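Chemist: Sequence and predicted structure, then a few things I'm wondering about:
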Amino acid sequence: MKDDLSGQKGGEATRLIHAGQGRGRKYRTVGPPIERGSTILMADAASLYDDDLTTYGRAGLSVQATLSAALAELEGAAKVRLFPSGLAAVAGAMLAVLKAGDDVLVCDTIYNPSRRFCEHVLKRFGVGVRYYPPRASAEDLLALATPATRLMVIESPGSLTFEMQDAPAIADLARSRGILTLMDNTWAAGLCFKPLAHGVDISVQALTKYVGGHSDVFMGSAATARPDLAEALTSAIRDFGWSVAPDDAYQMLRGMRTLATRMERHAASGLVVAKWLEQHAAVAKVLYPALPGADDHDLWKRDYAGAAAVFSVVFKPCSDTAIAAFLDELRIFQLGYSWGGFESLALNCDPQFSARQWPPKLAGPSVRLSIGLEDPADLIADLEAGIAAMAGV
């Protein structure tokens, strides 16, 4: 490092720029230091072109490195790469391993923004995209594969309708054909299910949801146990210029520290509310694999160590006006697209089903609920008021 110029003679502009550099004791705190820097000052000329060193701030500094290491511990990964949003992580991971002429098989229940990326970007650049039913078996998927199939994309449980896939079986058969697997594991938050331990090649999360936990920061991650895929993810980030701000990484790391405690409370409250809804006369079905007796419960119980508190409730046949009345009456539940924060949210699902190749056949309209950290009794009372308003239409 160049000698400290603080205190040296010179023009005031020069002295103000260099004042205090290199001074001050470095304290050890619970969290890593937040270094806001684009320029990294190198020790000598040889370091400028040393590929083993971080030479520019876009690659991330102390806090990003700490978050990546913590997520690698969570995911059981060799490497975790950070992206500016969950969607960027899905898109970046797919771009890292796909090229023109490749074919990708995607679960039909995939998160709608990820589907838009497949339709608007991958297809435009010559990647074939095909969708498969969410309960297709591993053997069914293998039968769909062609010599061009490079990747299978899993989302389990599926968005909005929460169908489970047998990820270990899919990963095992895909590997036998030299096909990669990528799983969007946001629902399980890397805590309740470990895709890499079950043979999946790339585990992707929208950290924005449960890991952040406070609905105030965007970020995504892609984890892998394979060095070649880690390098491909690194290259994609470098080539596209993606970066994660240090303050955002610090907030995400702070949320991760309480993830296990929050998820336990979310899951317990979610099960209480789901069981209450299951017994309500206005409800046809609750789509929640963690609920005993629900569709795919046995598969969930076999592979998962816990559950998120995001599920859908299918009401008995009623009008769109009635569903709007239900949503508008809610006071504790807020209306919003996200989930995984401390607050409870509700969203009507049906308008999104038109994008699917195999739309779900449900008994009536559906509403997705994200159960937050409020008292479950208060949430139930809020839902009861909404159902009463729905009945009055």
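Modeler: That came in fine, so what should we check first? Keep in mind that this is a model prediction, so the values were computed, not measured. Residues are numbered from 1 along each chain as shown.
Chemist: List the contacts of S269.
Modeler: If you count contacts by Cβ atoms under 8 Å, 6 or more residues apart in numbering, S269 has them with A309, I371, G372, L373, E374, P376, L379. Heads up, the C-betas are built off the backbone N, CA and C, glycines and all.
Chemist: no no, Q251
Modeler: With Cβ under 8 Å, 6+ apart, Q251 has these contacts: G212, H214, D216, V217.
Chemist: phi, psi of the third one?
Modeler: For D216, the backbone dihedrals (degrees, to the nearest 10) come out as phi -140, psi 10.
Chemist: Of the contacts of Q251, which qualify as buried by neighbour count?
Modeler: Among these, those classed as buried by 16 or more other Cβ atoms under 10 Å are G212, H214, V217.
Chemist: returning to that earlier point: now the contacts of Q251 as TSV including pLDDT and secondary structure?
Modeler: Listed next are those as TSV, based on pLDDT from 0 to 100; DSSP: H, G, I helix; E, B strand; the rest coil:
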residue	pLDDT	secondary structure
G212	97	coil
H214	96	coil
D216	95	coil
V217	96	coil
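Chemist: Just name the closest of these to L330, please.
Modeler: H214 (20.9 Å; Cβ to Cβ).
Chemist: measure the nearest residue to A346 once chain neighbours are set aside to F125 for me?
Modeler: Spatial nearest neighbour of A346, excluding adjacent residues (Cβ to Cβ, 6 or more residues apart in numbering): F333 at 4.4 Å. Counting by Cβ to Cβ, to the nearest Å, the gap from F333 to F125 is 40 Å.
Chemist: With neighbour numbers in mind, choose between the two.
Modeler: F333 (24 against 10; other Cβ atoms under 10 Å).
Chemist: The residue nearest to R265 when sequence neighbours are not counted: neighbour count?
Modeler: Excluding the flanking residues, the one nearest R265 by Cβ to Cβ, 6+ apart is L373, at 5.8 Å. Number of residues near L373 (other Cβ under 10 Å) recorded here: 14.
Chemist: D228 now?
Modeler: Neighbours of D228 (other Cβ under 10 Å): 10.
Chemist: can you tell me which residues contact it?
Modeler: D228 neighbours (Cβ under 8 Å, 6+ apart): none.
Chemist: shouldn't K194 be in contact with E73?
Modeler: No - contact criterion Cβ atoms under 8 Å: K194 and E73 do not qualify, at 11.4 Å.
Chemist: out of these two, which sits in the more crowded spot?
Modeler: A direct count of neighbours by other Cβ under 10 Å for K194 and E73 places K194 higher, at 20 against 12.
Chemist: Which positions in the host helix or strand of V153 come out as buried?
Modeler: Following DSSP states H and E, one finds V153 within strand 149-155. For strand 149-155, a neighbour-count test (16+ other Cβ under 10 Å) marks T149, R150, L151, M152, V153, I154, E155 as buried.
Chemist: one step back: and the contacts of Q251, which is closest to A88?
Modeler: Distances from A88 to those, taken by Cβ to Cβ, are shortest for V217, at 13.5 Å.
Chemist: Contact partners for that closest one?
Modeler: With Cβ under 8 Å, 6+ apart, V217 has these contacts: T208, D248, Q251, M252, G255.
Chemist: what's the single longest helix in this structure?
Modeler: Ranked by residue count, the top helix of the chain under DSSP state H comes out as helix 259-278.
Chemist: Alpha carbons only: can I get that helix in CSV?
Modeler: Provided in CSV are the C-alpha atoms of helix 259-278 (Å, rounded to 0.1, in the frame of the first residue of the first chain):
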residue,chain,number,x,y,z
LEU,A,259,-33.9,-17.6,9.6
ALA,A,260,-34.2,-20.8,11.6
THR,A,261,-36.1,-19.1,14.4
ARG,A,262,-38.5,-17.2,12.1
MET,A,263,-39.2,-20.2,9.9
GLU,A,264,-40.2,-22.3,12.9
ARG,A,265,-42.7,-19.6,13.9
HIS,A,266,-43.9,-19.2,10.4
ALA,A,267,-44.5,-22.9,9.9
ALA,A,268,-46.3,-23.4,13.3
SER,A,269,-48.6,-20.5,12.6
GLY,A,270,-49.2,-21.6,9.0
LEU,A,271,-50.3,-25.0,10.0
VAL,A,272,-52.7,-23.6,12.6
VAL,A,273,-54.3,-21.3,9.9
ALA,A,274,-54.3,-24.0,7.3
LYS,A,275,-56.1,-26.5,9.6
TRP,A,276,-58.7,-23.9,10.4
LEU,A,277,-59.4,-23.1,6.8
GLU,A,278,-59.5,-26.8,5.9
